[in-house]
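Student: Just a sequence and a predicted model for now, questions to come.
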Amino acid sequence: MKFLIVLMSLSFSSAVWANPVDCTAAGKGINCTLTPIAEATKAAGKVLITGNEKGICSPLSVTVKQGQAVEVSLKSLSTQMFLLEAKDLALSLMTMGKQTVKKVITPKKKGVFNFTCGFHGGAQSKGTIKVE
């Protein structure tokens with residue numbers, strides 16, 4: 001039995017994870033949802049932007065493809081509401097604290113489009129969505 005546990009530990013530690021920081025405290029332990037990079041790469045057409053406890057959103061640079069539907073998600077890791085707006089892409093998302101909202105958009109034009117993201121009613125980070 002010990003041998004099997006060691007093998008599982010080695011397998012876990014040698015994996016490369018796409019989102020190792022997507023963890024939240026749950027009761028006495030930690031609850032994490034981890035996605036191997038190979039799986040995350042397959043999930044084309046999805047963008048996740050998170051807002052942290054300091055009101056900072058990440059990532060602030062995103063690339064999508066022209067004419068392809070993309071699901072944009074805004075996730076608040078804080079207890080505060082977050083707002084994400086990219087007016088030139090008709091994208092506006094607002095989420096309550098500790099929740100996620102999603103919207104599917106299909107960018108029609110190539111270019112670099114600005115967005116703002118941060119606490120609702122507070123300072124906003126500036127980022128870009130590049131449409132190739």
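Tutor: It's in.

Student: Which positions within stretch 51-62 qualify as buried?
Tutor: The neighbour-count criterion (16 or more other Cβ atoms under 10 Å) identifies 51, 55, 57, 62 as the buried residues of stretch 51-62. Where you see a C-beta, it was placed from the backbone N, CA and C, and this is true even at glycine.

Student: What's the end-to-end length of that stretch?
Tutor: 15 Å (Cα to Cα, to the nearest Å).

Student: Equivalent analysis for stretch 79-98, please.
Tutor: Per Cα to Cα, stretch 79-98 runs 6 Å from first to last residue.

Student: Wasn't Asp88 part of a helix?
Tutor: Yes: counting by DSSP: H, G, I helix; E, B strand; the rest coil, Asp88 is found in a helix.

Student: so where's the chain uncertain?
Tutor: Applying pLDDT under 70 to the chain flags the ranges 1-44.

Student: just the helices in it please.
Tutor: Under the criterion DSSP state H, the chain carries helices at the ranges 2-14, 37-42.

Student: Right, I'll leave it there.
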